[in-house]
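[1] no sequence for this one, just the structure:
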């Protein structure tokens with residue numbers, strides 16, 4: 001595929017959009033296709049972009065949270081809300097270990113996804129070498145679900 005100016009811009013926005021919490025690949029794949037990318041190209045860019053921030057999140061979230069708590073009471077409350085969100089999702093991960101984290105990331109609904117999975121992994125002190133494969137598999141599954149629901153199963157192979 002040759003990327004002209006318009007398609008290059010669409011590719012970059014799709015990639016960056018998939019890095020944004022809440023939006024992630026749920027919004028990036030449809031955006032990329034609407035902007036003119038093929039479904040497989042939008043899928044690949046969104047999956048890779050969604051995974052880019054995950055190692056940093058898993059490794060540094062706890063340290064950043066500790067630092068934010070020292071800055072202000074408002075940030076302390078914000079961190080507490082994020083930790084409560086992680087605690088809410090932690091039971092699935094604890095119960096099913098690797099597959100629990102995959103499931104948490106794979107279901108493309110609000111409150112799930114790679115960012116939530118990374119937050120839960122960080123709060124559980126899960127090592128990156130254990131968390132990353134589960135989150136990666138979950139992101140790929142979520143991408144397939146979003147693509148299939150939006151464009152049909154054949155769109156991945158067109």
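    Looks like it came in fine. Worth saying up front: this structure is predicted, and the values here are computed from it rather than measured.
[2] all contacts plus neighbour counts: C-alpha atoms, from now on.
    OK.
[3] after the helix or strand bottoming out on mean pLDDT in the chain, next one along is what?
    Lowest mean confidence among the helices and strands of the chain (mean pLDDT, DSSP states H and E): helix 73-106, at a mean of 84. Downstream of helix 73-106, the next assigned helix or strand under DSSP states H and E is helix 114-123.
[4] Show me what that next one packs onto, helices and strands only.
    On a contact count with 3 or more C-alpha pairs under 8 Å, 6 or more residues apart in numbering; DSSP states H and E, helix 114-123 meets helix 54-71, helix 73-106, helix 128-151.
[5] ranking these by burial, who's on top?
    Among the helices and strands packed on helix 114-123, helix 128-151 has the highest mean neighbour count (mean count of other C-alpha atoms under 10 Å), at a mean of 20.
[6] and it, what does it pack onto?
    helix 24-34, helix 39-51, helix 54-71, helix 73-106, helix 114-123.
[7] want to throw those into CSV with distance to residue 137?
    Formatted as CSV, the helices and strands packed on helix 128-151 follow (distance: least, C-alpha to C-alpha, whole Å):
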stretch, distance to residue 137
helix 24-34, 14
helix 39-51, 10
helix 54-71, 13
helix 73-106, 6
helix 114-123, 10
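[8] Where does the prediction get shaky in the chain?
    1-3, 89, 153-158 (pLDDT under 70).
[9] run the last query once more with 80
    Applying pLDDT under 80 to the chain flags the ranges 1-4, 85-97, 152-158.
[10] now the residue nearest to the spatial centre of it, nearest residue through space, not along the chain?
    Residue closest to the average C-alpha location in the chain (C-alpha atoms, centre = their mean): residue 114, at 2.7 Å. Of all residues not flanking residue 114 in the chain, residue 105 sits nearest, at 5.3 Å (C-alpha to C-alpha, 6 or more residues apart in numbering).
[11] so who does that neighbour touch?
    Going by C-alpha atoms under 8 Å, 6 or more residues apart in numbering, residue 105 touches 112-114, 116-117, 135, 138-139, 142.
[12] circling back: surely the residue nearest to the centre of the chain and residue 52 touch.
    No - applying C-alpha atoms under 8 Å, one finds residue 114 not in contact with residue 52, separated by 10.1 Å.
[13] Thank you kindly, that will do.
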